[in-house]
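[1] Okay, sequence plus prediction incoming.
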Amino acid sequence: MAKSISIEVWNPSGKYRVVSTKPMPGTRWIRLLTDQDCRVEICTEKKTILSVEDILALIGDKCDGVIGQLTEDWGEVLFSALRRAGGTAFSNMAVGYNNVNVNAANKYGIAVGNTPGVLTETTAELAASLSLAAARRIVEADQFMRAGLYDGWLPHLFVGNLLKGQTLGVIGAGRIGSAYARMMIEGFKMNLIYYDLYQATRLEKFVTAYGQFLKANDEQPVTWKRAATMEDVLREGDVISLHPVLDKTTYHLINKERLSIMKKEAVLVNASRGPVIDETALVEHLRKNPMFRVGLDVFEDEPFMKPGLAEQKNAVVVPHIASASKWTREGMTTIAALNVLGKIKGYPVWTDPNRIEIFLDENFQPPPASPSIVNAKELGKKDSSGFVPEASAGANIKRKSPRFTFFNAVKGAFLV
Ligand SMILES: NC(=O)C1=CN([C@@H]2O[C@H](COP(=O)(O)OP(=O)(O)OC[C@H]3O[C@@H](n4cnc5c(N)ncnc54)[C@H](O)[C@@H]3O)[C@@H](O)[C@H]2O)C=CC1
Ligand SMILES: O=C(O)C(=O)CO
């Protein structure tokens, strides 16, 4: 007998059954689905992480699409069940999709969506916050105050690291890594060294232009360098932040050997995925090097920390909140819902997942497209051109009526 699981239902008479494995922020995503004939079922179980069995029960015998979470194991079992239930669409409410076996989804013809772009700045801001908190020992100092230990200013009290003029290392200079680098360079006038499989041309141009600006104002210019190896970044960086995807090439990218080549007083930040760092090796390194500090948003065995990490004063730890701003979380739900809706309705895929602002503007009816499907090519889906006019969020588009603006905004977007 199927396991019983508590749900909340919207638009019970809707033709397409879309399941969300969690209640999600905002209501726009629900409206977007119900307006287009979807019955939306939201799992309201109290437990934080649903098991595969829970999700199988949610999928049931008839399900057109699912919006899932990064904590869930989306592989062969779930995709085959979704297919049997008539489903063709899944979207993670996350940009990272290391919890998804895309090959299994391909096998069953299921589109896999993710939510890029809308969380870039929010995540970069948290990485910047962790960098500052670790460099300036903010959490340690806060605990000291609350414990009533402060009895007057002292020359040595909580001395940390100055960032200005220091070297910023970025590993994985994609959307988030580049946004983080810009914040740290512009904010603290740090010099950049980065490592990525691809050249971060726009980031390089930004640092060059900012360096020229500083020079023109009689200030020390900032510089950039693309490292030939990751080890170069680790050796030279004073603050190093990790922003790659998690895959076979980045698993335990930071291990005992690589930690040992970092500066003794370096700051290491991770707001990508926990397994990018060998956390056991990190705990050992933190113990032996009290001036080495880390800021961690993600953990190898989430939700757990490796033994010993919680006791380390030189670690700032937060519970995977990097994308947790209201605007971003609501935007993620919109993108995830539209990914699923687009596949169910047979809409094309928006080809530029870096330009998805138009889907987020509440003043517009979103274009009939899936904003970001990671296996679009494999599924042989017909792509739209993805062309979005300048100021794609609509700044130059007249807002007379939603219908009018919608057609203007997407004019040309679907000419394949
Ligand atoms: N902590 C959190 O709440 C969040 C975590 N994330 C994580 O951040 C990751 C990055 O997100 P985006 O910047 O949007 O993705 P992106 O795809 O724009 O950037 C990832 C970059 O990593 C690079 N990369 C891949 N393999 C590499 C390797 N072996 N060495 C060095 N660089 C490598 C890629 O070339 C790319 O430039 C996501 O996949 C996700 O896991 C994203 C959002 C929030
Ligand atoms: O989007 C992601 O990949 C996250 O980790 C949560 O925002």
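    Thanks, I have it. Numbering: from 1, shown residues only. Ligands and ions are numbered 1, 2, ... in the order given.

[2] Please look at residue 105 and residue 111 and confirm they touch.
    Yes: proximity of residue 105 to residue 111 meets the contact threshold set by C-beta atoms under 8 Å, at 7.5 Å. Heads up, the C-betas are built off the backbone N, CA and C, glycines and all.

[3] Look up the residues that both of those two are in contact with.
    Residues touching both residue 105 and residue 111 (C-beta atoms under 8 Å, 6 or more residues apart in numbering) are 90, 375.

[4] Now do the phi/psi pair for residue 100.
    Main-chain torsions, residue 100, degrees, to the nearest 10: phi -110, psi 130.

[5] Dig out what it forms beta bridges with.
    residue 74 (DSSP bridges).

[6] what's the pLDDT at it?
    Looking at residue 100, its pLDDT stands at 98.

[7] check contacts around residue 277.
    Per C-beta under 8 Å, 6+ apart, neighbours of residue 277: 242, 252-254, 268, 270, 296, 300.

[8] now do residue 371
    Contacts of residue 371 (C-beta under 8 Å, 6+ apart): 113, 115, 335, 338-339, 342, 350, 353, 356, 359.

[9] I'd assumed residue 67 was in contact with residue 82.
    No: taking contacts as C-beta under 8 Å, residue 82 lies outside contact range of residue 67: 12.0 Å.

[10] so what sits against both of the two?
    With C-beta under 8 Å, 6+ apart, residue 82 and residue 67 have common neighbours residue 90.

[11] Neighbours of the residue lying closest to residue 191 once chain neighbours are set aside, how many?
    Closest residue in space to residue 191, ignoring its immediate chain neighbours: residue 223 at 4.7 Å, by C-beta to C-beta, 6 or more residues apart in numbering. Neighbour count for residue 223, taken as other C-beta atoms under 10 Å: 14.

[12] Pop out the phi and psi values for residue 223.
    Residue torsions, per degrees, to the nearest 10, at residue 223 are phi -130, psi 170.

[13] which residues touch it?
    Residue 223 neighbours (C-beta under 8 Å, 6+ apart): 191-192, 207, 211.

[14] before we move on, what about residue 319?
    Contacts of residue 319 (C-beta under 8 Å, 6+ apart): 297, 303.

[15] contacts for stretch 230-240?
    So stretch 230-240 is contacted by 131, 135, 161, 163, 166-171, 184, 190, 193-195, 227, 253, 258, 261-263, 265-269 (C-beta under 8 Å, 6+ apart).

[16] Check those residues one by one and keep those near ligand 1.
    The residues of those that also fall near ligand 1, by C-beta under 6 Å from any ligand atom, are 171, 195.

[17] Among the contacts of stretch 230-240, name the buried ones.
    Neighbour counting with 16 or more other C-beta atoms under 10 Å marks 131, 135, 161, 163, 166-171, 184, 190, 193-195, 227, 253, 258, 262-263, 266-269 as buried within the contacts of stretch 230-240.

[18] Return the subset of those residues lying in helices.
    Taking DSSP state H as the definition of helices, the buried ones among the contacts of stretch 230-240 contribute 131, 135, 184, 258.

[19] got the residues of the stretch 101-250 of the chain near ligand 1?
    116, 119, 123, 171-177, 195-198, 243-246, 249-250.

[20] ok, which stretches of the stretch 1-150 of the chain are helices?
    With DSSP state H, counting those that start in this stretch as the criterion, the stretch 1-150 of the chain has helices at 28-34, 52-59, 76-84, 102-107, 120-135, 138-146.
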